[in-house]
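Colleague: fold the following, please.
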Amino acid sequence: MTAAVGAPLTAPLTAPLTAPLTALLTALLTALLVALPSATPAVAAAGPTVALSQGEGGKGGEITVSGTGWKPGALLMLLICGQAAPGKGVIGGTNSCANTDGRAATVDAKGAFSQKLPVAEPPEPCPCVVHVAGVTGQQDTVDVEFTVAGHPTEPLPEDAGSGRLVVLTSARLEGSSGVLVWFGAPARREIVVTLGNLGQTAVKDPVFEVGTSHGVFAPQYEERQWRGTIEPGRKALVRLPVELTAGAHGDYQVSVRHGGKVLVEQPWGVGRPYGVTLFWVLLALVVPAAVFRIGMAVVDRVRPQGAHGPHRPRRTSRRTPGEPGRSPGGAPVPVPAAPSADEPTAVLPWFTPDSAPSENSPTTKGQS
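Modeller: Here you go, the predicted model:
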């Protein structure tokens, strides 16, 4: 009886509760399915993305590279690189890319860009990628798989289980020259490059070789140790000092080598030390003038006094009246005796004794 009585009571109560619950679960599942597609692009848009107009092209063709999610105003570098794959990066660094056919792109205010890129064969065999790296504003890199039609293809080298450093961004020189460089002091800079570790083990305190070359001469390398550790799959900003010899000027090439392989090459233009030129000009003027002055002083001191000596004014001796003078030969010269008071004084011919002026009778010249 209990079961019979309980059966009718249970059925009416279960039906009303099951229908609303089923409808609620259906509504929740529908909402989740609708919201799931819209959530996926939001996650993908968190980082920079790159898309190609076509995944394959032959030499001489052209493709359009576009991207979103980049920092507004950033400058990007676009290259076609060989011996590379998405997720592994460019194994040979930018030396594996067609650098002469690369292009630059500027990100707009919305974080997007679009740039045409000519298809060129990289120096290394495929698999190839379109390598997009930030030069300024954002140092991110994105690699998209691309096939260069007719270009040789070889498998990627197997990872030997050790750390392997590759270049992720273009190198640059930082620093400035002081005043002493203008007078021939050695010029100093720092070459800055971002390196990534594509190996399976960490690279600790790597030793690089930094060299400079001028003209057709080969670079002279010197070891530079960088203090730090680059973990597998991580990247680091490496700064290495570079120094030229004293008085160096002209166009130089800075190279960085690691493990016997050149990683980066960066040009460096050094101005002429005009202070050295100014010093030699002043030296050419001052030294002859000083030698001339010293020579004239020596000549003036050692030459004899005589007719050829410097002219000196003749000294006149003072003598009293009546004292006999001396001739150039030394003989005494007779001096005429002074007239006595009894001798008559000679009268000037144009004066008469009566018309001569005196103290008591002033002259009448000019009076009527």
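
Colleague: could you count how many residues lie near the residue nearest to residue 222 when sequence neighbours are not counted?
Modeller: Taking CB to CB, 6 or more residues apart in numbering as the measure, residue 222 lies nearest to residue 210, with 5.9 Å between them; neighbours along the chain are not counted. In short, each C-beta sits where N, CA and C put it, glycine included. As a burial measure, residue 210 scores 19 neighbours (other CB atoms under 10 Å).

Colleague: which of the helices or strands spans residue 210?
Modeller: strand 207-214 (DSSP states H and E).

Colleague: name the residues of that strand that are buried.
Modeller: For strand 207-214, burial by neighbour count (16 or more other CB atoms under 10 Å) applies to 208, 209, 210, 211, 212, 213, 214.

Colleague: what's the closest of those to residue 229?
Modeller: residue 208 (14.8 Å; CB to CB).

Colleague: quick check: beta-bridge partners of the closest one?
Modeller: residue 224 (DSSP bridges).

Colleague: quick check, pLDDT for the spatially closest residue to residue 265 that is not a sequence neighbour.
Modeller: Of all residues beyond its chain neighbours, the one nearest residue 265 is residue 255 (5.1 Å), with distances taken as CB to CB, 6+ apart. In this prediction, residue 255 carries a pLDDT score of 88.

Colleague: quick one: the helix or strand where residue 255 lies to strand 207-214, angle?
Modeller: Using DSSP H and E, residue 255 maps to strand 250-258. If you take axes from the mean of the first three to the mean of the last three CA atoms, to 10 degrees, strand 250-258 sits at 160 degrees to strand 207-214.

Colleague: helices or strands up against strand 250-258?
Modeller: strand 188-197, strand 207-214, strand 261-270 (3 or more CB pairs under 8 Å, 6 or more residues apart in numbering; DSSP states H and E).

Colleague: secondary structure element for the residue nearest to residue 99 when sequence neighbours are not counted?
Modeller: In this structure, residue 99 finds its nearest non-sequential neighbour in residue 79, 6.6 Å apart by CB to CB, 6+ apart. Of the helices and strands defined by DSSP H and E, residue 79 is found in strand 75-81.

Colleague: beyond that strand, next helix or strand please.
Modeller: strand 84-85.

Colleague: list the strands paired with that next one, with their directions.
Modeller: Strand 84-85 has these strand partners (DSSP bridges): strand 89-90 (antiparallel).

Colleague: and the contacts of the strand it pairs with?
Modeller: 81, 83-84, 96-97, 129, 131, 141, 143, 166-168, 196, 198 (CB atoms under 8 Å, 6 or more residues apart in numbering).

Colleague: including neighbour count, pLDDT and distance to residue 234, could those residues go into a markdown table?
Modeller: Formatted as a markdown table, those follow (neighbours: other CB atoms under 10 Å; pLDDT from 0 to 100; distance: CB to CB, whole Å):
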| residue | neighbour count | pLDDT | distance to residue 234 |
| --- | --- | --- | --- |
| 81 | 28 | 93 | 21 |
| 83 | 24 | 88 | 21 |
| 84 | 29 | 89 | 18 |
| 96 | 24 | 86 | 21 |
| 97 | 28 | 90 | 22 |
| 129 | 27 | 94 | 20 |
| 131 | 26 | 93 | 19 |
| 141 | 20 | 84 | 13 |
| 143 | 21 | 92 | 17 |
| 166 | 24 | 86 | 12 |
| 167 | 24 | 88 | 15 |
| 168 | 23 | 87 | 11 |
| 196 | 21 | 90 | 7 |
| 198 | 18 | 83 | 10 |
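
Colleague: I figured the residue nearest to residue 99 hits residue 97, correct?
Modeller: Yes. With contact defined as CB atoms under 8 Å, residue 79 reaches residue 97; the gap is 4.1 Å.

Colleague: quick check: neighbours shared by those two?
Modeller: With CB under 8 Å, 6+ apart, residue 79 and residue 97 have common neighbours residue 131.

Colleague: backbone dihedrals for residue 101, please?
Modeller: Backbone geometry at residue 101, expressed as degrees, to the nearest 10, gives phi -110, psi 10.

Colleague: contact partners for it?
Modeller: Counted by CB under 8 Å, 6+ apart, residue 101 has contacts 80, 117, 118, 120.

Colleague: and those, which of them are in helices?
Modeller: Members of the contacts of residue 101 lying in helices (criterion: DSSP state H): none.
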